[in-house]
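> I'll drop the sequence and a predicted model, then ask my questions.
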Amino acid sequence: MRIDIITIFPDYFAPLELSLIGKARAAGILDIRLHDLRSWTRDRHNTVDDTPYGGGPGMVMKPQPWGEALDAVAGGAGAPPRLVLPTPSGTPFTQERAKRLSDEPWLVFACGRYEGIDARVVADAERRMPVEELSIGDYVLAGGESATLVIVETVSRLLPGVLGNAESAVQDSFAAGAMEHLLEGPVYTKPAHWRDQEVPPVLLSGDHGAVDRWRRHEALRKTARNRPELLRELAARRLHELERSD
Ligand SMILES: O=C(OCc1ccccc1)c1cn[nH]c1
C-alpha cells in the first residue's frame, strides 16, 4: 500500500519510522511519503491560512496550496488514490472502515488545521478521486495529524505481513466471530502469582471449553459495564438472525 500524507508538520510523523510500521516500510509492504503543504505556497511567508468569509473566530486553510498539493501528489496518470480527510465533522472511523481502507492500493491523507480547509478543496478533489471525511471521535484536535497517525496505524496493522503472528489481529475486540462487537476481557501472563493476586484458575486448567466460556462471560461483563449500547445492538442482531431463521 502507498500512503501519502500532506501536512504543515511533517516531523509529526516521525513515529511512522518506528516499530511495526517502520519494519513494514523497510520490507516494502508500506510506501509512506510525507509532503509539506508549504511547498505549494507562493508567497514569501508560505501562508496556508486566512480569515473565514462570513466572519467568525479562527482561520481557514486556503484552497490554492491544497489544490496544487493534491494535483502534484494525487494527480498522476493511472487509478486515482482515495483521499482521507480527518475532521470532527467526518463519518465515524471504525474497525470495519479500517478493514475496507486496508484493501485500497493508495491512500492520501490531508491533515487539516485551524477551523478546517476551504470546502472547495474537497469539492474539487471529488471530481477526480473518492474522498472520505473521517472522524476518530467526538472531540476537537488542533489538527488532523494525530488522527492520521491513528488511522494509518489501525489500517497498516491489518495488512498481510505487518503484524508478526505474535500480535495476531484476529483477537481484536471488534473482530468478527463469536466475540464480535464485545470488548476484550482481562488478559494474564506469567507469573501465576503476583503481589498477592492469582491468575483465574480456569485459565490454568487446560480446559479450553471452560476457558472460552469464561472469556465470553468476562467480555460480556466488560461490555455491559463500559459499552452497554453495544449489547443492545448485539441483542438486536441476534434477534434479527433468529427471526430470519424462523
Ligand atoms: O480534530 C480532528 O481533526 C483535526 C481537524 C481537522 C479540521 C478542522 C479541525 C480539526 C478530529 C477529531 N476527531 N476526528 C478528527
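Right, received. Where do you want to start?
> May I ask which helix or strand encompasses the residue nearest to the spatial centre of the chain?
Compute the mean C-alpha point of the chain, and by CA atoms, centre = their mean the closest residue is Ile151, 2.3 Å away. When elements are defined using DSSP states H and E, Ile151 is found to belong to helix 145-156.
> Which other helices and strands does that helix contact?
Helices and strands touching helix 145-156, as assessed by 3 or more CB pairs under 8 Å, 6 or more residues apart in numbering; DSSP states H and E, comprise strand 2-7, helix 19-26, strand 82-92, helix 95-101, strand 106-110, strand 131-135. To be clear about C-beta, it is placed using only N, CA and C from the backbone, and glycine gets the same treatment.
> partners of the helix or strand following that helix, with directions?
Tracing the chain C-terminally past helix 145-156 and defining elements by DSSP H and E, one meets strand 193-194 next. Next to strand 193-194 in the sheet, as set by DSSP bridges, lie strand 197-198 (antiparallel).
> pLDDT averaged over the strand it pairs with - what is it?
Taken as a whole, strand 197-198 has an average pLDDT of 98.
> The closest residue to Arg25 other than its chain neighbours and the ligand, how far apart?
When the adjacent residues along the chain are set aside, Arg25 lies closest to Ile32, with 5.8 Å between them (CB to CB, 6 or more residues apart in numbering). To the ligand, Ile32 is 19 Å away according to CB to the nearest ligand atom, to the nearest Å.
> Check the contact between Ile32 and Pro15; I expect there is one.
No. In this structure Ile32 lies outside contact range of Pro15 using CB atoms under 8 Å: 11.2 Å.
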